[in-house]
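K.L.:
Got a predicted model here, sequence first, then my questions.
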Amino acid sequence: MPVEEFVAGWISGALGLVLGHPFDTVKVRLQTQTTYRGIVDCMVKIYRHESLLGFFKGMSFPIASIAVVNSVLFGVYSNTLLVLTATSHQERRAQPPSYTHIFLAGCTGGFLQAYCLAPFDLIKVRLQNQTEPMAQPGSPQPQYRGPVHCAASIFREEGYRGLFRGAWALMLRDTPTMGIYFITYEGLCRQYTPEGQNPSSATVLVAGGFAGIASWVAATPLDVIKSRMQMDGLRRRVYQGVLDCMVSSVRQEGLGVFFRGVTINSARAFPVNAVTFLSYEYLLRWWG
Ligand SMILES: C[N+](C)(C)CCCC[C@H](N)C(=O)O
């Protein structure tokens with residue numbers, strides 16, 4: 001099994017993640033805190049009170065897990081295409097796979113990476129939702145002291161299955177939308193590249209960026225549900241399952257609830273996925 005795709009997926013995911021983390025911090029704060037008036041207000045306040053470093057809070061754990069998550073996504077995607085079309089990465093420019101095959105390979109990659117992502121994503125969301133100020137003598141301690149403590153507490157209180165809370169919603173979110181991700185990327189690359197040639201860097205950047213936006217717009221409704229399922233059970237269980245969570249969220253907040261954070265998510269998705277695809281393509285060409 002070609003391993004280059006796994007390694008390229010890992011490195012490119014890490015580069016994209018560092019670039020996108022400031023946007024992620026703004027997204028999470030807007031979704032969970034009511035003190036900010038909007039995106040710009042939030043950015044200005046973080047910069048004033050916490051300096052540039054404030055935008056990079058909580059990045060270490062995602063960095064550690066992206067190695068597994070993104071290498072599974074890109075590795076499974078590419079190797080599924082190899083099984084479906086019997087072409088390797090190098091041969092695919094000359095013999096482009098059909099969009100059906102690209103979609104199926106994307107869905108397979110999305111499904112399997114969601115399984116690896118679930119516990120890391122749960123911990124990230126739980127930590128991001130802690131609004132207590134950083135430890136000051138005498139102030140109340142946050143429930144979780146850090147990623148390891150968070151994982152250990154969930155495991156102690158709810159067992160192995162507790163670490164997979166919200167995993168179903170995550171799988172439902174990522175399986176079809178990773179198909180959309182790769183179809184958009186390939187479609188745009190083909191549109192702007194003469195037959196048989198490699199896409200230019202500008203094409204890869206733009207196609208990657210729009211692939212990120214298209215898949216995140218489609219993923220946002222289930223992203224909201226996923227985050228709610230992950231926060232459920234912290235004190236007592238509110239939702240019986242994914243469907244129940246959807247129904248009661250819409251009943252209480254209207255259909256608009258499905259598009260919470262879509263603007264900042266899209267603003268984040270463009271640079272993150274432009275860089276992810278550019279480095280992925282270049283690493284593979286370089287090793288090719
Ligand atoms: C499928 N879904 C839309 C959820 C994600 C697609 C892009 C994944 C990328 N690592 C990022 O963080 O943007």
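P.N.:
Cool, got the structure.

K.L.:
For the helix or strand of the chain with the lowest mean pLDDT, list every residue counted as buried.
P.N.:
Within the chain, judged by mean pLDDT, DSSP states H and E, the helix or strand with the poorest mean is helix 4-32; its value is a mean of 80. Neighbour-count burial for helix 4-32, counted by 16 or more other Cβ atoms under 10 Å, picks out 4-17, 19-31. No exception for glycine: its C-beta is placed from N, CA and C like everyone else's.

K.L.:
and the ligand, which of those contact it?
P.N.:
Among the buried residues of helix 4-32, the residues that sit close to the ligand (Cβ under 6 Å from any ligand atom) are 13, 16.

K.L.:
okay, residue 205: pLDDT?
P.N.:
The predicted structure scores residue 205 at 95 on the pLDDT scale.

K.L.:
Can you verify my assumption that it contacts residue 274?
P.N.:
Yes: using Cβ atoms under 8 Å, residue 205 makes contact with residue 274 at a distance of 4.3 Å.

K.L.:
Residue 199 and the ligand, how far apart?
P.N.:
Separation of residue 199 from the ligand (Cβ to the nearest ligand atom, to the nearest Å) stands at 19 Å.

K.L.:
Is that residue in contact with residue 191, as I believe?
P.N.:
No: counting by Cβ under 8 Å, residue 191 is not a contact partner of residue 199; they are 9.7 Å apart.

K.L.:
Compare these two (neighbour count), which wins?
P.N.:
When neighbours are counted by other Cβ atoms under 10 Å, residue 199 comes out ahead of the other of residue 199 and residue 191, with 23 against 10.

K.L.:
OK, contacts around the closest residue to residue 264 other than its chain neighbours?
P.N.:
Closest residue to residue 264 apart from its sequence neighbours, by Cβ to Cβ, 6 or more residues apart in numbering: residue 27 at 4.4 Å. The neighbours of residue 27, taking Cβ atoms under 8 Å, 6 or more residues apart in numbering as the test, are 261, 264-265, 268.

K.L.:
from those, which single one is nearest residue 106?
P.N.:
residue 265 (18.9 Å; Cβ to Cβ).

K.L.:
which other helices and strands contact the helix or strand harbouring that closest one?
P.N.:
Taking DSSP states H and E as the criterion, residue 265 maps to helix 262-287. Applying 3 or more Cβ pairs under 8 Å, 6 or more residues apart in numbering; DSSP states H and E, one finds that helix 262-287 makes contact with helix 4-32, helix 39-50, helix 201-231.

K.L.:
try it again with 10 Å
P.N.:
If contacts are counted by 3 or more Cβ pairs under 10 Å, 6 or more residues apart in numbering; DSSP states H and E, helix 262-287 sits against helix 4-32, helix 39-50, helix 60-85, helix 167-191, helix 201-231.

K.L.:
looking at those, which has the lowest confidence?
P.N.:
Comparing the helices and strands packed on helix 262-287 by mean pLDDT, the weakest confidence falls on helix 4-32, with a mean of 80.

K.L.:
contacting residues for the nearest residue to residue 218 once chain neighbours are set aside?
P.N.:
Of all residues beyond its chain neighbours, the one nearest residue 218 is residue 177 (4.9 Å), with distances taken as Cβ to Cβ, 6+ apart. Under the criterion of Cβ atoms under 10 Å, 6 or more residues apart in numbering, the neighbours of residue 177 are 106-107, 110, 214-220, 222-223.
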